[in-house]
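Engineer: give me the fold of what follows.
(chains A and B)
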Amino acid sequence: MATPCKYDWPAPEKRKLIGKRIKRIDGGMKSSGQAKYSFDINRPGMLFAKVVRCPYAHAKITSVDTSEAEKMPGVKAVRVIQGPGKEIQWEGDEIAAVAATSEEAAEDAARKIKVAYEQMPFLVKEEDLSGASGFTKPAVTEKAGDPDGAFQGSDVVISEGYYGIPVITHCCLETHGQVAEWTDPENLKVWASTQGVSAIGGQFAEGMKISPNNVNIICNYVGGGFGSKFAADRWGLACAGLSKDAEGKAVKLMLERNAELLVAGARPSAYAKVKVGAKKDGTLVAWQSESWGTGGVGGSGVPPIPYVFHDKFPNRARTHTFVSTNIGPSRAWRAPNHPQAALITMSAFEDLAAKLNMDPIEFLMKNADLAPNAVLAKTYREELTKAAELADWKKNWHPRGDKTSGHIKRGMGVSMHTWGGAPHNGKCQVTIQPDGSVEVKTGSQDLGTGTRTVINIVVAETLGLPLEAVKVMIGDSHYPPDGPSGGSTTVGGVSGHTRRGSVNARDALFAVVAPSLGSKPEDLEAVDGHVRVKGNATKSLTWKQACAKLGVKPVVAEGEQARNSPCKLNDSGVGGVQIADVSVDTETGIVKMNRIIAVQDCGLIIDMKTAESQVYGALIMGVSYALYEEKIMDHQTGRMLNPNMEFYKLATIADVGDFTVHMMTGPGYDERGVIGLGEPPVISPGAAISNAVANAIGVRVPTLPLTPDKVLAALEKA
Amino acid sequence: MKGKKAKPQKMKAEKLALTRRDFLRGAGVAVSGGMLVGGQTLAQAAPAPDTDILGPGSVPITLKINGAAHQLSVEPRVTLLDALRNQLDITGAKRVCDRGTCGACTMIVDGKAIYACSMLAIEAQGHNITTIESFSHGDHLDPVMSAFWDNDAQQCGFCTPGFMMACKEFVTKHPHAKLEEVNEGLSGNICRCGTYHGLKQAALDASKGARSAKA
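Structural biologist: Okay, here's the model as predicted:
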């Protein structure tokens, strides 16, 4: 039992706001179109920038001629980003940029920039590893126990399969980019579309050779990031450079849609040949896999397989190979490496369960103790039970292959996942003014997860005030630094430091107010808009009266969240179970989503409404990558065939089916403290949907996306 | 092509019912840099000698936006969306796919929801253009917006104004909307964060609200 600490979360019975269903506080700004994104910033005399991009997958630049462009009407600055001699490794890489008085003038001028290339050999397809010789590099070789021996056990049933998931893109709706303006020759201000308000200033400073003190990053709203917006990026520095060249005038450089899909983010692929064995009762005994994937020309992450059970899996051997391709650079994509690992592992487990004639939920339940620790093992058992109940699994599930007549086959599949979700480090400042107004500032950002709302809830709860009494200020690098929003670290991060900051502010107020209540600071409490003596409602001041005692001196308190700071406000390590229910038309190959059931834990939930929205959103993104998404490359030209939103398919409202989301709360969960939620629910949909399709049609469609052609091919082969 | 056929820039509003595609066919070289439109296509689409030609330079136009007349000067290739965003600082409508796929730029023109990335600013003259900005006044939110807010039909919020506008038109046409109609009616817009679950309920609630408001 940890010793009580003054920052601890209020006891369950005392919580007025935490854990309730609260509308996001910036929802009105967003739904009314008043929210200003970086793409929406218009500055006086602002210039527009356009980028010239390499049309080849692999080439050496031999010359760049900007002379004609410089003479075009309206042109104020031209910059070569990568010049002669430079080797370009993917289509769409930046060569030069031009800033002009209008978008049209910039476009016309960009077309006048002449670039000559020497084309070089390329590789843009990696699913067939035999075609990638010379481009591969061993990444991981692992062995534990005696897999060969274990596979030979007399009562061991073995399943072998091939599974894969291609490169997909982030396709943020607000493309990457920024407006950059030199407010004077020494100071740069950047309205950036970023996941790291407090982080990218240093990169601009380094690139522009100025002090980080002279860079101000602003981002009030960001139109999607999903892991792809952590850097200043080459185009960001080009934008700041163009502004400098144009006497500091603001320059807007937002990527075109095609560039967004070509260069601004991709999730690495993963393919695997798997052999997995279990005893007849379902006890897993052996795993062997050869996997590979590409993250572009550099390396990529390694999917942690066998997933969830990796560390405790008794007998396992695996290799993973990087394939270096010219498919474009990878970036972190929501839960890096995990969706791939889930698809490979949970498909293999499901195929094995089918071979054992076993219900896959019973199979996972049987092996739950292979989870990394006892807490997670218990969590999985509870979540599998809950998900089965919500899906009415016993009634609706059938063994592999829907035996009913007709060409519409229905099936259900299950998957489970895990993620860390520890908080990032960060700071905030909480100010209480003598007139009672309260303000909290932190250099964080809201990706749509509800950062502002979470901060508001924590500060209001701590000070015993209504939500409206607190002003939340984020999105400015002049505020106390907060960590970037990635890896499910933000809600844990900001709830931790704003809890600390508001407790510190409250205690400073109590110290001033205590004498006038004839009490000691430690005997006061702030509840229902009052500061009062605990257990004595007669000794009470309204919030305003209490703050008036500050005289002319506001309370300014800091809160800091550091990973090793005392008091247990956070934890890490969550589970999560999902069940997909699909119908497959065996004549057309079309997969229709009926429903996904998601059961998810994330410790103490600050706002139930936005937490559930994270899960709904993750499931919907999951439907997209399970059924539609792929960065389709042409092996003849090395170019992407679908760098647009007609042919890079995302699910629409009509495609996603219904959802049931259940958050695990209460004893066993709440006391763990806050854990991040952005990543975990996006991990399992691909695997659960693939398993549901296999359950419906009786055969495995080996790779995502589960497009009609692949479904028909699998049926044909069966 | 630029400049060669340019006559004095004269307006004939009644002849401006061009679609973006018609326009691109006619003036394609200037826009797409000789990528696709060959001489033959151009020759076929060459305007008759008595036709007034706009551009390629800027032409003065008047747009009626949210009831107010705005005078601006645009090149004929400029879309309605870009004219509003870049010249008038009306930025609620977003540029996302820029080719009529995702609906983030949805505006209402003469009562009909349109993709503003696929209409030229010059085409929009003489029409009533309604943008999302017309539906909020200070703290007062339109009932459809309130339905969005209540149902958390937004995450990053970048697609939200487009969905709001599509939904606004949808509920006027479907005061008794069923879920299937919502799915059909709002499938011309795309969200990346995955707000469709909240959007469905928001559209159903907004439809109900529109019904009771009429009653």
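
Engineer: every contact and neighbour count from this point should use C-alpha atoms.
Structural biologist: OK.

Engineer: count of neighbours near the closest residue to residue B:67 other than its chain neighbours?
Structural biologist: Closest residue in space to residue B:67, ignoring its immediate chain neighbours: residue B:128 at 7.3 Å, by Cα to Cα, 6 or more residues apart in numbering or on different chains. Residue B:128 has 19 neighbouring residues, counting by other Cα atoms under 10 Å in any protein chain shown.

Engineer: list the contacts for residue B:128?
Structural biologist: Shown in contact with residue B:128 (Cα atoms under 8 Å, 6 or more residues apart in numbering or on different chains): B:64, B:65, B:66, B:67, B:109, B:110, B:111.

Engineer: one more pass at 6 Å, please.
Structural biologist: Counting by Cα atoms under 6 Å, 6 or more residues apart in numbering or on different chains, residue B:128 touches B:64, B:109, B:110.

Engineer: before we move on, what about residue A:95?
Structural biologist: Residue A:95 sits next to A:52, A:53, A:81, A:82 when contact means Cα under 6 Å, 6+ apart.

Engineer: return the backbone torsion pair for the third one.
Structural biologist: Note on residue A:81: its backbone torsions stand at phi -90, psi -50 [degrees, to the nearest 10].

Engineer: quick one on the thing from earlier: identify the bridge partners of the residue nearest to residue B:67.
Structural biologist: When bridges are called by DSSP bridges, residue B:128 pairs up with residue B:64.

Engineer: coming back round to it: make CSV out of the contacts of residue A:95 and add pLDDT.
Structural biologist: Below are these laid out as CSV (pLDDT from 0 to 100):
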residue, pLDDT
A:52, 98
A:53, 98
A:81, 98
A:82, 98
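
Engineer: would you map the strands across the stretch 301-450 of chain A?
Structural biologist: With strands called from DSSP state E, counting those that start in this stretch, the stretch 301-450 of chain A shows them at A:315-323, A:408-416, A:426-432, A:438-441.

Engineer: ok, residues contacting the third one?
Structural biologist: When you say that, I think you mean strand A:426-432. In contact with strand A:426-432 (Cα under 6 Å, 6+ apart) are residues A:438-442, A:480-483, A:497, A:501, A:554-561.

Engineer: so which of these belong to helices?
Structural biologist: Residues of the contacts of strand A:426-432 located in helices (DSSP state H): A:497, A:501.

Engineer: filter the contacts of strand A:426-432 down to the ones near chain B?
Structural biologist: Checked against chain B using Cα under 6 Å from any Cα of the partner chain, those give no members in range.

Engineer: so which residues on chain B come close to chain A?
Structural biologist: Within chain B, the positions adjacent to chain A are B:91-92, B:96-97, B:145, B:149, B:155-158, B:160-161, B:183, B:187, B:190, B:193-196 by Cα under 6 Å from any Cα.

Engineer: returning to what we had before: of the contacts of residue A:95, which is the most crowded?
Structural biologist: residue A:52 (22 neighbours).

Engineer: what helix or strand does whichever residue of the stretch 601-718 of chain A sits closest to chain B sit in?
Structural biologist: Using Cα to the nearest Cα, the closest approach of the stretch 601-718 of chain A to chain B is made by residue A:617 at 3.8 Å. Take DSSP states H and E as the rule and residue A:617 turns out to sit in helix A:608-627.

Engineer: quick check: mean pLDDT across that helix?
Structural biologist: What helix A:608-627 shows for mean pLDDT is 98.

Engineer: residues in contact with it: which ones?
Structural biologist: Helix A:608-627 has contacts (Cα under 6 Å, 6+ apart) with A:19-22, A:650-651, A:681-682, A:685-686, A:704-707, B:193-195.

Engineer: stretch B:98-118 too?
Structural biologist: Stretch B:98-118 has contacts (Cα under 6 Å, 6+ apart) with B:20, B:79-81, B:93-95, B:128-131, B:159, B:162, B:189-190.

Engineer: residues from chain A in reach of chain B?
Structural biologist: Close to chain B, as judged by Cα under 6 Å from any Cα, chain A has residues A:27, A:30-31, A:33, A:40, A:173, A:223-224, A:257, A:447-448, A:617, A:620-621, A:645, A:652-654.

Engineer: any idea whether residue A:688 is helix, strand or coil?
Structural biologist: At residue A:688, secondary structure determined by DSSP: H, G, I helix; E, B strand; the rest coil is helix.

Engineer: try residue A:76
Structural biologist: Following three-state DSSP, the label given to residue A:76 is strand.

Engineer: for it, grab the count of nearby residues.
Structural biologist: Residues lying near residue A:76 (other Cα under 10 Å) number 22.

Engineer: so who does it touch?
Structural biologist: Taking Cα under 6 Å, 6+ apart, we find residue A:76 in contact with A:99, A:100, A:246.
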